[in-house]
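Asks: Got a sequence here, can you build the structure:
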Amino acid sequence: MGIWNRLFRREVRSEVVAADNPLSSLLKGVEISPETAMEIPAVSSCIDFISDCIAGLPIRLYRENRQTNSTEEIKDDDRLRLLNDETGDLLDPFQMKKAVVMDFFLYGSGYIYPEMDGNRVLSLRYIPHGAIASLYRGKDPVFKVGQYVLSNGLTLWDDQVIKLLRATKDGLSGQSVVEQHQQILSAMYREIIYEKMLTAAGGNKKGFITTETKLSAEAMEQLHKNWRDMYATTDNTMMILNKGLQFHESSNTSVEMQLNENKVRNNELVCQIFGMSSEAVSGKLGDDAAIAVIKNAVIPVVTAFENALDRGLLLPSERDRTYYAFDTSELLKGDILKRYQAYKTGLECNVLQIDEARYKEDLPPLSMTMSENKVSFGEKDSEKPVDKAADNGIMEKRGWVTINGKHVFIGEDSGGGSSGGGTESGGTLQDSSYDFKEITDEAIEKVPKVDVFGDDAKNSRYQQANKDLLKEAQKYPVGTEVSIVYGADMKPIKECGYRVGENNGEVKIDNPNQPYHGFHNHPSGNTLSPDDVFGMAERDNMLSLTAAGNNSSVFCMQRGLNANGAGYRDFLIEKFDEGRFMGGTFSYCDIKGFNMSALPDELRIPLQKEVSAFCDECIQGGQQYGFSYTYSGTN
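Replies: All right, here's what the predicted structure looks like:
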C-alpha cells in the first residue's frame with residue numbers, strides 16, 4: 001500500500017481511475033478439479049509416467065505349493081488373457097490399466113467391472129469415475145459393506161467390483177491427490193492463469209491513470225472501454241491519453257518478481273507428492289536414481305493393483321495360495337543384478353539354498369541341495385562327471401551322480417510335467433512312464449462301464465464321460481493330457497470345458513465352487529499318481545477323480561460322505577518325505593524332478609517298479625480316511 005499513500009499525499013485533489021483488472025478475479029478462490037489439475041504440467045507428467053509404466057507391465061498368476069515350498073506360474077488361465085491380451089471391452093488392456101491408475105490419482109478410486117458367468121470371468125470392463133452415480137455405505141463401521149449405483153441404473157455390491165483405492169478408509173472410495181493437496185495445486189494453477197493473462201496482454205506493463213479534473217460519466221466509460229480493448233487483444237497495444245490524464249506504472253509485486261523461482265520449487269513439490277523428481281519426468285536420471293523412482297512411485301501402486309486383482313478376480317478357494325503379480329523385471333533390471341549378487345553371496349555363505357533363492361523370485365524349484373562339492377549344470381558328455389559315490393551316500397539331487405558305478409545325469413526333462421492330473425498340489429512326477437500310448441478308436445469303444453455310483457444311469461454317464469474325454473485327447477499329439485469336470489449329477493458344468501495340458505503328461509483340473517467329479521486321461525495307461533490323490537485330498541469339493549488310460553483302462557478314487565481330507569493329506573506328506581527310492585537315498589519329493597528316460601535300464605526299470613508300488617500304497621492308504629478306489633484294467 002506504500003505507493004498509494006505516496007500518490008495521495010502528493011496529489012490530494014487528483015482522482016484515481018480504477019482500471020478493470022480481470023486477473024484479480026481469476027486468481028481469487030480458484031478451486032482445483034481433476035480436469036484443471038491435469039493442466040498443470042508437473043501433475044500430468046507424473047501421472048502419465050506412473051500410469052504408462054504400470055499399463056505396459058504384463059500380469060502373471062502364481063500358485064504357492066506349500067508341500068514343496070515352491071511357487072508355480074499358471075499360464076493357461078483365461079483371466080490372464082483378459083488382463084494381458086483382450087479385455088472384452090472397447091479398451092484394450094493397456095488403456096484399461098492406464099485409465100484405472102489415472103482415476104486412482106485424480107479421483108482416489110479406479111474401478112473395473114468383471115463380467116461373470118458363474119465362476120468364469122467373461123470380460124473386464126473399465127468403469128469411468130463419472131459413471132458412479134451414487135455410493136451407499138452400510139451403517140456398521142466394523143463389518144463394512146457397500147453398493148455402487150451406476151448412471152445406467154445398474155447396482156453393484158462392493159465385491160462385484162475390482163477397486164483400486166488411494167488412501168481409503170471405507171474400502172469403497174479413496175482420497176485423490178487433488179483433494180489431498182488442494183493448496184499447492186491451486187497455487188500452481190494460478191501461476192498458469194497469470195502467465196496466460198500476461199501473454200494475452202502482450203506483456204504490457206500494469207499501472208493506473210490519474211487525472212487533475214473529474215471525468216464525466218461518458219469520458220469514464222470511454223476510458224474503461226479503451227483500456228479493455230488494449231488488453232483484450234493483441235491487435236491494439238496502444239492507447240492515447242487525453243490532456244490531463246497520466247499513466248503511472250505499478251511496481252512488480254514480490255510474487256511476480258519470484259515467479260520463475262516459485263515455479264521451479266512448486267514443480268519439485270508436486271513431483272515429491274508422486275514420489276518422483278523433476279529429473280525423472282524429464283528423463284535425466286541415472287540407473288540407480290531411476291530404480292529409486294520406480295520403487296517410490298510405481299511399485300506402491302503396483303502392489304495396490306495386485307491386491308485389488310486378488311480380491312476381485314480370485315475365487316475364495318483360490319485366495320489362500322494363488323496371487324497375481326505384475327512382471328516388473330524390465331523396470332527393475334538394474335536392481336535384479338543387485339539381488340542376484342546378494343543371492344550369490346548367500347549361497348556361497350550357506351545362508352541360502354538354491355531353491356530358497358528361486359522361491360523369492362517366483363521361480364520353480366530345482367530340487368537341489370548344496371554340498372561342499374559343486375555340480376556343474378548342463379556339462380557336455382566329454383566333461384568329467386562328479387563322482388559322489390564316496391560321499392557317504394549323499395548325492396546331489398540334480399547333476400552328474402554315480403549310482404551302482406554308473407555316471408548318470410539326473411535332471412528335469414524339458415518336455416516333462418506333472419503326473420496326470422496336475423491338481424492344485426502341483427506335482428512334477430511324470431505319468432508313471434514315458435511309454436505313452438496312442439488313443440485308438442478301438443480303445444475308446446472298449447472303455448468299460450465301471451460301477452462307481454451304484455446307479456446304472458449315472459454309471460452310464462460316467463462311462464460316456466470317459467469315452468468323450470479320450471475322443472477329445474485323440475485330437476492332440478500322443479502324450480497330451482486333457483481334463484474336464486462334471487457336476488454331482490454327472491452332467492457337464494456349463495462354465496467348465498475341456499482343458500489341454502501344455503506339456504506331455506501334464507494337465508490342470510478346474511476346481512469349481514460346487515461338488516464335482518474330475519476326469520483326465522493318462523497317456524501311459526497307469527493308475528492315479530500320488531500327486532493326483534494329494535490334490536483330491538486338498539479339494540473338499542472333488543467327489544471323485546478318474547484317470548482314463550489311453551489304453552481304455554479306468555482308475556477312480558471316490559470321496560466318502562465323512563471323508564477326512566486333512567488326515568489323508570498329512571498321511572501323504574509323510575509318505576512323500578520317506579527316503580525309500582534307490583536304496584533309501586531319495587524320497588518321492590526328490591525323484592519328482594528326475595528325468596527317468598535319461599537313466600539306464602538297469603536303474604530306470606527298478607525305479608519305475610518302486611514308484612508303482614509307492615502309488616499303490618498312497619492310494620490304499622486313503623481307505624482309512626474315507627476314500628475308496630475302483631479300477632478296471634491294468635493296475
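Asks: List the buried residues of stretch 132-140.
Replies: Buried positions in stretch 132-140, judged by neighbour count with 16 or more other Cβ atoms under 10 Å: Ile132. (Each C-beta comes from the backbone N, C-alpha and C, glycine too.)
Asks: For it, the averaged confidence score.
Replies: Rounded to a whole number, the mean pLDDT of stretch 132-140 is 89.
Asks: just stretch 220-233 next, same as before
Replies: Mean pLDDT, stretch 220-233: 67.
Asks: Kindly report the same for stretch 454-469.
Replies: Stretch 454-469 comes out with an average pLDDT of 92.
Asks: Work out the gap between that stretch and the centre of the chain.
Replies: 40 Å (Cα atoms, centre = their mean, to the nearest Å).
Asks: Give me the contacts around it.
Replies: Taking contacts as Cβ atoms under 8 Å, 6 or more residues apart in numbering, the residues outside stretch 454-469 that touch it are 444-445, 447-453, 482-484, 486, 489-491, 498, 517, 519-521, 546, 548, 554.
Asks: just stretch 122-132 next, same as before
Replies: The list of residues contacting stretch 122-132 from outside it, by Cβ under 8 Å, 6+ apart, reads 82-83, 87-89, 91, 95-96, 99-100, 103, 106-107, 109-116, 148-152, 161-162.
Asks: and if you look at stretch 306-325?
Replies: With Cβ under 8 Å, 6+ apart as the test, stretch 306-325 has contacts from 59-66, 74, 79, 83, 112, 114, 119, 121, 159, 161-165, 326, 362, 424, 511, 513, 541.
Asks: Any quick PyMOL command for the buried ones out of the contacts of stretch 454-469?
Replies: Command for PyMOL that selects the buried part of those, burial taken from 16+ other Cβ under 10 Å:
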select buried, resi 444+447+450+452+453+482+483+484+486+490+498+517+519+520+521+546+548+554
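Asks: in the stretch 351-500 of the chain, which spans are strands?
Replies: 399-403, 406-410, 482-487, 499-500 (DSSP state E, counting those that start in this stretch).
Asks: rewinding a little: now, the contacts of stretch 122-132 that are in strands?
Replies: 109-116, 148-150, 162 (DSSP state E).
Asks: top of the residues you listed by neighbour count?
Replies: Tallying neighbours with other Cβ atoms under 10 Å puts Gly110 at the head of the ones in strands among the contacts of stretch 122-132, with 31 neighbours.
Asks: Near the closest residue to that one other than its chain neighbours, how many residues? Count them for me, please.
Replies: Closest residue to Gly110 in three dimensions, ignoring its sequence neighbours and counting by Cβ to Cβ, 6 or more residues apart in numbering: Val100, at 3.5 Å. Residue crowding around Val100 was assessed by other Cβ under 10 Å; the count is 26.
Asks: can you check Gln624 too?
Replies: Using other Cβ under 10 Å, Gln624 is surrounded by 11 other residues.
Asks: Ala297 too?
Replies: Tallying neighbours of Ala297 according to other Cβ under 10 Å, which is how burial is gauged here, yields 20.
Asks: quick one, what contacts it?
Replies: Under the criterion of Cβ under 8 Å, 6+ apart, the neighbours of Ala297 are 46, 49-50, 274-276, 280.
Asks: Pick the one among these closest to Gly622.
Replies: Using Cβ to Cβ, Ile50 is the member of the contacts of Ala297 that sits closest to Gly622, with 52.0 Å.
Asks: pretty sure that closest one is touching Lys98, no?
Replies: No: under the criterion of Cβ atoms under 8 Å, Ile50 makes no contact with Lys98, lying 9.6 Å away.
Asks: For stretch 144-155, which residues meet the burial criterion?
Replies: Across stretch 144-155, burial judged by 16+ other Cβ under 10 Å covers 146-148, 150.
Asks: For stretch 79-90, what is the distance to the chain centroid?
Replies: On Cα atoms, centre = their mean, the centre of stretch 79-90 falls 13 Å from that of its chain.
Asks: which residues sit against that stretch?
Replies: When contacts are taken as Cβ under 8 Å, 6+ apart, the neighbours of stretch 79-90 outside the stretch itself are 58-61, 74, 92-93, 96, 115, 121-126, 309, 313, 324.
Asks: Please repeat the previous calculation with a cut-off of 10 Å.
Replies: 57-61, 74, 77, 92-97, 112-115, 120-126, 309, 313-314, 324, 326-327 (Cβ atoms under 10 Å, 6 or more residues apart in numbering).
Asks: so what's Ile273 closest to, chain neighbours aside?
Replies: Leaving aside its sequence neighbours, Ile273 sits nearest to His181 (Cβ to Cβ, 6+ apart; 5.6 Å).
Asks: mind checking how far that neighbour is from Ala304?
Replies: His181 sits 19 Å away from Ala304 when distances are taken as Cβ to Cβ, to the nearest Å.
Asks: what do you get for Val611?
Replies: From Val611 over to Ala304 (counting by Cβ to Cβ), the distance is 46 Å.
Asks: neighbour count winner among the two?
Replies: Just comparing Val611 and Ala304: by other Cβ under 10 Å the higher neighbour count belongs to Val611, 24 against 19.
Asks: which strands and helices sit next to the host helix or strand of that one?
Replies: Using DSSP states H and E, the secondary-structure element containing Val611 is helix 601-620. With contacts taken as 3 or more Cβ pairs under 10 Å, 6 or more residues apart in numbering; DSSP states H and E, helix 601-620 sits against strand 399-403, strand 406-410, helix 530-538, strand 554-559, helix 565-577, strand 579-581, helix 588-591, strand 627-632.
Asks: circling back to that earlier point, take the contacts of stretch 454-469 and keep only those in helices.
Replies: For these, membership in helices holds for 444-445, with DSSP state H as the criterion.
Asks: if we can go back for a sec, now, which of the ones in strands among the contacts of stretch 122-132 sits nearest Ala187?
Replies: Ala187 has its nearest neighbour among the ones in strands among the contacts of stretch 122-132 in Ser109, at 25.5 Å by Cβ to Cβ.
Asks: per-residue confidence at that closest one?
Replies: In this model, Ser109 carries a pLDDT of 96.
Asks: Tell me the spacing between Lys547 and Gln558.
Replies: One correction, residue 547 is Ala, not Lys. Separation of Ala547 from Gln558 (Cβ to Cβ): 13 Å.
Asks: Would you double-check that Leu156 falls in a strand?
Replies: Yes: using DSSP: H, G, I helix; E, B strand; the rest coil, the assignment for Leu156 is a strand.
Asks: now that we're looking at the nearest residue to it once chain neighbours are set aside, which residues does it contact?
Replies: In space, Leu156 comes closest to Tyr148 once its chain neighbours are excluded; the distance is 4.8 Å by Cβ to Cβ, 6+ apart. For Tyr148, the set of contacting residues under the criterion of Cβ under 10 Å, 6+ apart consists of 109, 111, 113, 127, 131-136, 154-158, 160-161, 163, 172-173.
Asks: One more: Tyr107?
Replies: If a contact means Cβ under 10 Å, 6+ apart, then Tyr107 has 34, 128-130, 132, 166, 173-179 as its contacts.
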